[in-house]
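J.: Sequence plus the predicted model coming up.
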Amino acid sequence: AQSVTQLGSHVSVSEGALVLLRCNYSSSVPPYLFWYVQYPNQGLQLLLKYTTGATLVKGINGFEAEFKKSETSFHLTKPSAHMSDAAEYFCAVSESGGGADGLTFGKGTHLIIQP
Amino acid sequence: GAGVSQSPRYKVAKRGQDVALRCDPISGHVSLFWYQQALGQGPEFLTYFQNEAQLDKSGLPSDRFFAERPEGSVSTLKIQRTQQEDSAVYLCASSPRTTGGMNTEAFFGQGTRLTVV
């Protein structure tokens, strides 16, 4: 069975500050890991994904995440927050790459950007 | 179409009413998923289709929920005798492949927000 824990249902940072959204997972096999962003009344948009290979993954909008197997973590970071980053962020895990077994999502973290 | 399209975007149903939610996946996508997203929660898996075959329906919460994809493209999620706890956003996603790998990505629609009153 697989599961995802996102620490902090709400994270508030100042514009220009570092963004750090935490995600820990459990999986019985080497996982595929994803971060999605959801803007109000919108669907989910893929930010980045880890499948195999390099553990530091770069995504869209300046976000990146590092897969740390020893810590079972996949935290999302961005060096400098922008007002447009305000949204809901979901970490997800899959044991087949988001194919036949779908995705298991965390509960989400609401990112608030203070001016 | 360019993306996954869902209709209607919003649906208000009276308790006990039947509803049907439609998903048009990206053309040619083999895999199709339905998720339920309750307020303040992450999406939860409902069911999975590979072409027209429903291979996994383990996430459907009750026998009032039924999904179909008869021709391997458009899918319909039907909820019979709706209850207030069915109120949620229902998301549809499609993927070009059946198994994982570096080139697999699930593309999500904007969802249908169902409110049962």
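T.: Yep, it's here. Residues are numbered from 1 along each chain as shown, chains lettered A, B, ... in the order given.
J.: For chain B, list the residues in contact with chain A, please.
T.: Proximity of chain B to chain A (C-beta under 8 Å from any C-beta of the partner chain) is limited to residues B:4, B:31, B:33, B:35, B:40-45, B:48, B:50, B:55-56, B:91, B:93, B:95, B:97-102, B:104-106, B:108-111, B:113. The way it works is simple: take the backbone N, C-alpha and C, and place the C-beta from them, glycine included.
J.: For ChimeraX, write a command that selects the buried ones of those.
T.: Listed next is the ChimeraX selection for buried residues among the residues of chain B next to chain A, using 16 or more other C-beta atoms under 10 Å in any protein chain shown:
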select /B:4,31,33,35,42,43,44,45,48,50,56,91,93,95,97,100,104,105,106,108,109,110,111,113
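J.: Show which residues not belonging to the lowest-mean-pLDDT helix or strand in chain B make contact with it.
T.: Least confident helix or strand, chain B: strand B:107-108 with a mean of 90, by mean pLDDT, DSSP states H and E. Contact with strand B:107-108 is made by A:36, A:43-45, B:3-4, B:26, B:29, B:91-95, as judged by C-beta atoms under 8 Å, 6 or more residues apart in numbering or on different chains.
J.: going on from it, what's the next piece of helix or strand?
T.: strand B:112-116 (DSSP states H and E).
J.: what helices or strands is that following strand leaning on?
T.: On a contact count with 3 or more C-beta pairs under 8 Å, 6 or more residues apart in numbering or on different chains; DSSP states H and E, strand B:112-116 meets strand B:10-13, strand B:19-24, strand B:88-95.
J.: Using CSV, list the CA coordinates for the shortest one.
T.: Taking C-alpha atoms only, strand B:10-13 is exported to CSV below (Å, rounded to 0.1, in the frame of the first residue of the first chain):
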residue,chain,number,x,y,z
TYR,B,10,-21.1,22.7,-11.8
LYS,B,11,-24.1,20.5,-10.8
VAL,B,12,-26.6,21.0,-8.0
ALA,B,13,-28.7,18.0,-7.3
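J.: Give the buried residues for that strand.
T.: Neighbour counts over strand B:10-13 (16+ other C-beta under 10 Å) mark B:11, B:13 as buried.
J.: can you give me the offset of it from its chain's centre?
T.: In terms of C-alpha atoms, centre = their mean, to the nearest Å, the centre of strand B:10-13 is set 15 Å apart from its chain centre.
J.: Tell me the strands beside that strand, with direction?
T.: strand B:112-116 (parallel) (DSSP bridges).
J.: Contacts for the partner strand next, please.
T.: Defining contact as C-beta under 8 Å, 6+ apart, one finds that strand B:112-116 is touched by A:41, B:6-15, B:17, B:19, B:21, B:79, B:82-90.
J.: Apply 6 Å and report the result again.
T.: Strand B:112-116 is contacted from outside by B:6, B:10-13, B:15, B:21, B:82, B:84, B:86-87, B:89-90, using C-beta atoms under 6 Å, 6 or more residues apart in numbering or on different chains.
J.: for stretch B:39-56, same thing?
T.: A:90, A:102, A:105-108, B:30-37, B:57, B:59-60, B:67, B:69, B:72, B:91, B:98.
J.: okay, it in PDB with CA atoms only?
T.: Taking C-alpha atoms only, stretch B:39-56 is exported to PDB below (Å, rounded to 0.1, in the frame of the first residue of the first chain):
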ATOM      1  CA  LEU B  39     -13.600  20.000   0.200                       C
ATOM      2  CA  GLY B  40     -10.200  20.600   1.700                       C
ATOM      3  CA  GLN B  41      -8.900  17.100   0.800                       C
ATOM      4  CA  GLY B  42      -6.700  15.600  -1.900                       C
ATOM      5  CA  PRO B  43      -8.200  13.700  -4.800                       C
ATOM      6  CA  GLU B  44      -9.100  10.100  -4.100                       C
ATOM      7  CA  PHE B  45      -9.100   7.400  -6.700                       C
ATOM      8  CA  LEU B  46     -12.400   6.000  -7.800                       C
ATOM      9  CA  THR B  47     -12.000   3.900 -10.900                       C
ATOM     10  CA  TYR B  48      -9.700   3.200 -13.800                       C
ATOM     11  CA  PHE B  49     -10.400   2.300 -17.500                       C
ATOM     12  CA  GLN B  50      -8.000   0.900 -20.000                       C
ATOM     13  CA  ASN B  51      -9.700   1.600 -23.300                       C
ATOM     14  CA  GLU B  52     -13.300   0.400 -22.700                       C
ATOM     15  CA  ALA B  53     -12.400  -2.100 -20.000                       C
ATOM     16  CA  GLN B  54     -13.000  -1.000 -16.400                       C
ATOM     17  CA  LEU B  55     -10.000  -2.700 -14.700                       C
ATOM     18  CA  ASP B  56     -10.200  -1.200 -11.300                       C
END
